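[1] Got a sequence here, can you model it:
(one chain, ligands or ions: 1)
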Amino acid sequence: MSQARAWAIAVAASLALGSASAREARAECAPPASLRFEIADTIRRDKLGLTQGLEFRDGKLYESTGRIDGTTQVNVIDLQGRVTTLVELGTKVFGEGLTILDDEIVQLTWQEHLVFVYDLSGRLKRTMHNPRLGWGLSNDGRQLLFSDGAGAIYFADPKTFAIARSVPVRSVEREGVPGLNELEMVDGRLYGNIFQTRQIVRLDPSSGCIEATADLSPLWAAMDEPERRRIDGNLQYVLNGIAYDPRTQLFYLTGKRWRYIFAGRFVPATR
Ligand SMILES: [Ca+2]
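    The predicted model follows:
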């Protein structure tokens, strides 16, 4: 056998192997279920923010904002929509995901590799280093879970931000689904909105498989006309914000510099 022919056979074999393993990866995930969002209540906030992280705690929403058309902040929003700023970071850094674990507020930054840890009053306790980009952030009660938009979720130590492992985001079609942004862990499942879409996905954080998808277009339909025009008129003002109150089992959804936060529930979509 010539060397060229041996090489050609090797390449063909590796391609066949590649497609077999791609089939295997696809076979790991079942086709996703379809969900829809039933709106139960609407909160009109009195100050806008470029929402990058949202979490529910003690009857209030905690929010991290980015610095587009505003500044990087940590805000508390009560259910009447009153916004109180706990931390004001100005325009030096770009705020991203936020979560609360063991009475510590953790806030990511986008490209600065800084992770800020505050007490519940907003006093800075420590700063950690994130080697990756910072997008969405949540926690499973033990570890931090974050995304960097590049197709994986990462598990990090809440005391040091050391990354223990990562899991690719998988769908039936592909491995490494990009754009997973704001996150929320609920009952062992991770909800995330996909950047620049109207879609929220629910995935199993152990396999990375997307189990369910929801089209959030009904939120746009629920906005008043001037607000919808304002949101649709700026490419930055995308869906981004998922919080959950385990007591009422209500989700709180919003977007970047949206006037409204929508409370409601995900239910199976009927065709
Ligand atoms: Ca969240």
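[2] rest of the way, CA atoms for contacts and neighbours
    Fine.
[3] Residue of the stretch 1-150 of the chain closest to the ion, please.
    As assessed by CA to the ion, the ion sits closest to residue 54 within the stretch 1-150 of the chain, at 4.3 Å.
[4] Which residue, other than its chain neighbours, is closest to that residue?
    Once flanking residues are discounted, residue 54 sits nearest to residue 63: 4.6 Å by CA to CA, 6 or more residues apart in numbering.
[5] got it, and residue 75?
    Nearest non-adjacent residue to residue 75 (CA to CA, 6+ apart): residue 85, at 4.3 Å.
[6] and that neighbour, what element?
    Assessed by DSSP states H and E, residue 85 sits inside strand 83-90.
[7] ok, back up a step: now the residue nearest to residue 75: how far from residue 224?
    26 Å (CA to CA, to the nearest Å).
[8] Helices along the stretch 1-150 of the chain, start to end?
    3-28 (DSSP state H, counting those that start in this stretch).
[9] Spell out which residues of it are next to the ion.
    54, 55 (CA under 5 Å from the ion).
[10] mind listing the strands for the stretch 1-150 of the chain?
    For the stretch 1-150 of the chain, the strands defined by DSSP state E, counting those that start in this stretch cover 33-44, 50-57, 60-66, 72-77, 83-90, 95-101, 104-109, 114-118, 124-129, 137-139, 144-147.
[11] partners of the third one, with directions?
    To tie it back to what came earlier, the one meant is strand 60-66. Strand 60-66 pairs in its sheet with strand 50-57 (antiparallel), strand 72-77 (antiparallel), by DSSP bridges.
[12] Then the shortest one?
    Strand 137-139 has these partner strands in its sheet, going by DSSP bridges: strand 144-147 (antiparallel).
[13] Name the next helix or strand downstream of the strand it pairs with, please.
    Toward the C-terminus from strand 144-147 - assigned by DSSP H and E - lies strand 152-156.
[14] Could I get the average pLDDT for that next one?
    Mean per-residue pLDDT for strand 152-156: 98.
[15] Determine the set of other helices and strands touching it.
    strand 144-147, strand 163-168 (3 or more CA pairs under 8 Å, 6 or more residues apart in numbering; DSSP states H and E).
[16] Packed most tightly, which of the strands paired with strand 60-66 would that be?
    Mean neighbours per residue, mean count of other CA atoms under 10 Å, is largest over these for strand 50-57, with a mean of 28.
[17] Just the residues contacting that strand, thanks.
    61-70, 95-100, 135-137, 182-184, 237, 240-245, 254-258 (CA atoms under 8 Å, 6 or more residues apart in numbering).
[18] Any stretches of this protein with poor pLDDT?
    1-27, 271 (pLDDT under 70).
[19] tell me the domain boundaries of it?
    Following automatic domain parsing, the chain resolves into domains at 1-30, 31-268.
[20] Buried deepest among those, which one?
    Highest mean neighbour count among these (mean count of other CA under 10 Å): domain 31-268, with a mean of 19.
[21] My read is that residue 100 contacts residue 108, right?
    No. Using CA atoms under 8 Å, residue 100 is not in contact with residue 108; the gap is 11.8 Å.
[22] got the end-to-end distance for stretch 76-96?
    Taking CA to CA, stretch 76-96 runs 15 Å from one end to the other.
[23] next one: stretch 187-203
    Termini of stretch 187-203 sit 11 Å apart (CA to CA).
[24] hang on, the earlier thing: output the helices and strands packed on strand 152-156 in a markdown table, with distance to residue 263 appended to each entry.
    A markdown table is the format used below for those (distance: least, CA to CA, whole Å):
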| stretch | distance to residue 263 |
| --- | --- |
| strand 144-147 | 23 |
| strand 163-168 | 30 |
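[25] Residue 189: which of those strands is closest?
    Comparing the helices and strands packed on strand 152-156 against residue 189 with CA to CA, the closest turns out to be strand 144-147 (11.5 Å).
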